[in-house]
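In: I would like to see how this sequence folds:
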Amino acid sequence: MTDPIRIGHIALSFHEASAREVARVLESHGHEVTFASAPHEEAFAMLGRGEVDILASAWLPSSHETYLAPMLEDVDKIAVIYEPYCIWGVPDYVPQSAVASVTDLLREPALSKMELIIQGINPGAGISRFSAEMIKQYGLDAAGYVFRTGSEADCFDRYEAAVAQGRWVVVPLWHPQFLHHRYRIRALKEPKGLLGTRDDATLVVRKEARLRIGAAALKDLSQLYIGNPRLSELEDDLRRRLIYRT
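Out: Predicted coordinates for the structure are as follows:
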């Protein structure tokens, strides 16, 4: 029996949901699989050290190119499985006439009604790096806004609590993401282009693992496509079934 195929992913629930779809393909070819997860930089470090065979996935080019660059000679890019992009969003009950753009956060009624803490996830995430820069570049810090990093629960639970109470809040988020499956979240216009581009969520395989994975399984992986709406739904289902917390 060959060794299990080791699937690595960033320790966020939507990455886990996509890794499980990769596992289904491998298992259909008779492979056993194991999973390993870590924060952003460490997940790529595990791939670089050969501690995992597959990474699901690298967001290229905006979010994760800097993490993948040192190991490009050792890996192959197999498939684009969805197309993520980052946003700053507000609940749809916040009137678009009042807050349509990030720049609207600097004037009334947002200054009086919007919560000043913008709660993010871990500092290695692309959305966290982008958001910290936005606070400075838009002068939001001078108006009292603060971007704060934390866990998934810090970010997502805060947003859900705000919506339950009808409060005005900005959530630094991305597509695909389970909150989009539960709520209508409106993306703010971001004229400076600091949130990056629409990325390709790319399945990455270590070259040394190709033989163990096998040509047939690699062919099926190369044809795997999940898409943003489906992955948002899969993540929501995963979290509801597992009561996902970090």
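In: Please, which helix or strand holds residue 78?
Out: strand 75-82 (DSSP states H and E).
In: quick one: average confidence on that strand?
Out: If you average the pLDDT over strand 75-82, you get 98.
In: chain center to it: distance?
Out: How far strand 75-82 lies from its chain's middle: 16 Å, per Cα atoms, centre = their mean, to the nearest Å.
In: That strand pairs with which strands, parallel or anti?
Out: strand 200-206 (antiparallel) (DSSP bridges).
In: how about the nearest residue to residue 80 once chain neighbours are set aside, what does it touch?
Out: Leaving aside its sequence neighbours, residue 80 sits nearest to residue 200 (Cβ to Cβ, 6 or more residues apart in numbering; 4.3 Å). C-beta coordinates here come from the backbone N, C-alpha and C atoms, glycine included. Counting by Cβ atoms under 8 Å, 6 or more residues apart in numbering, residue 200 makes contact with 59, 60, 61, 80, 83.
In: could you show me where the helices are in this protein, in order?
Out: 13-28, 40-48, 65-68, 110-113, 126-137, 152-164, 178-182, 210-213, 215-222, 228-242 (DSSP state H).
In: How about the contacts made by residue 7?
Out: Residues near residue 7 by Cβ under 8 Å, 6+ apart: 19, 22-23, 26, 33-36, 52-56.
In: again with residue 105
Out: So residue 105 contacts 99, 111, 114, 138, 140, 143, 145, 170, 188 (Cβ under 8 Å, 6+ apart).
In: Can you tell me which residue sits nearest the middle of this protein?
Out: residue 174 (6.1 Å; Cα atoms, centre = their mean).
In: State the number of residues packed around the closest residue in space to that one that isn't next to it in sequence.
Out: Excluding the flanking residues, the one nearest residue 174 by Cβ to Cβ, 6+ apart is residue 86, at 4.7 Å. Counted by other Cβ atoms under 10 Å, the residues lying close to residue 86 total 28.
In: Please verify my assumption that residue 86 contacts residue 127.
Out: Yes: with contact taken as Cβ atoms under 8 Å, residue 86 and residue 127 are classed as touching, separated by 4.6 Å.
In: Find the residue closest to residue 156 in space, skipping its chain neighbours.
Out: Leaving aside its sequence neighbours, residue 156 sits nearest to residue 179 (Cβ to Cβ, 6+ apart; 6.3 Å).
In: again with residue 4
Out: Nearest in space to residue 4, with sequence neighbours left out and distances taken as Cβ to Cβ, 6+ apart, is residue 32 at 4.1 Å.
In: how close does the one you found get to residue 6?
Out: Noted for residue 32: a distance of 10 Å to residue 6, by Cβ to Cβ, to the nearest Å.
In: For these two, indicate the residue with more neighbours.
Out: residue 6 (19 against 12).
In: Could you give the bridge partners of that one?
Out: residue 34.
In: Hmm, residue 37 and it touching each other?
Out: No: applying Cβ under 8 Å, one finds residue 6 not in contact with residue 37, separated by 11.3 Å.
In: before we move on, back to that, mutual contacts of residue 86 and residue 127, please.
Out: In contact with both residue 86 and residue 127: 63, 172, 173, 174, 195, using Cβ under 8 Å, 6+ apart.
In: Could you export those residues as TSV, including distance to residue 105 and pLDDT?
Out: TSV is the format used below for the shared contacts of residue 86 and residue 127 (distance: Cβ to Cβ, whole Å; pLDDT from 0 to 100):
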residue	distance to residue 105	pLDDT
63	23	83
172	13	98
173	16	96
174	19	94
195	14	94
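In: Tell me which entries of these lie within strands.
Out: 172, 173, 174 (DSSP state E).
In: closest to residue 94 among these?
Out: Closest approach between those and residue 94, by Cβ to Cβ: residue 173, at 14.3 Å.
In: Alright, I will stop here.
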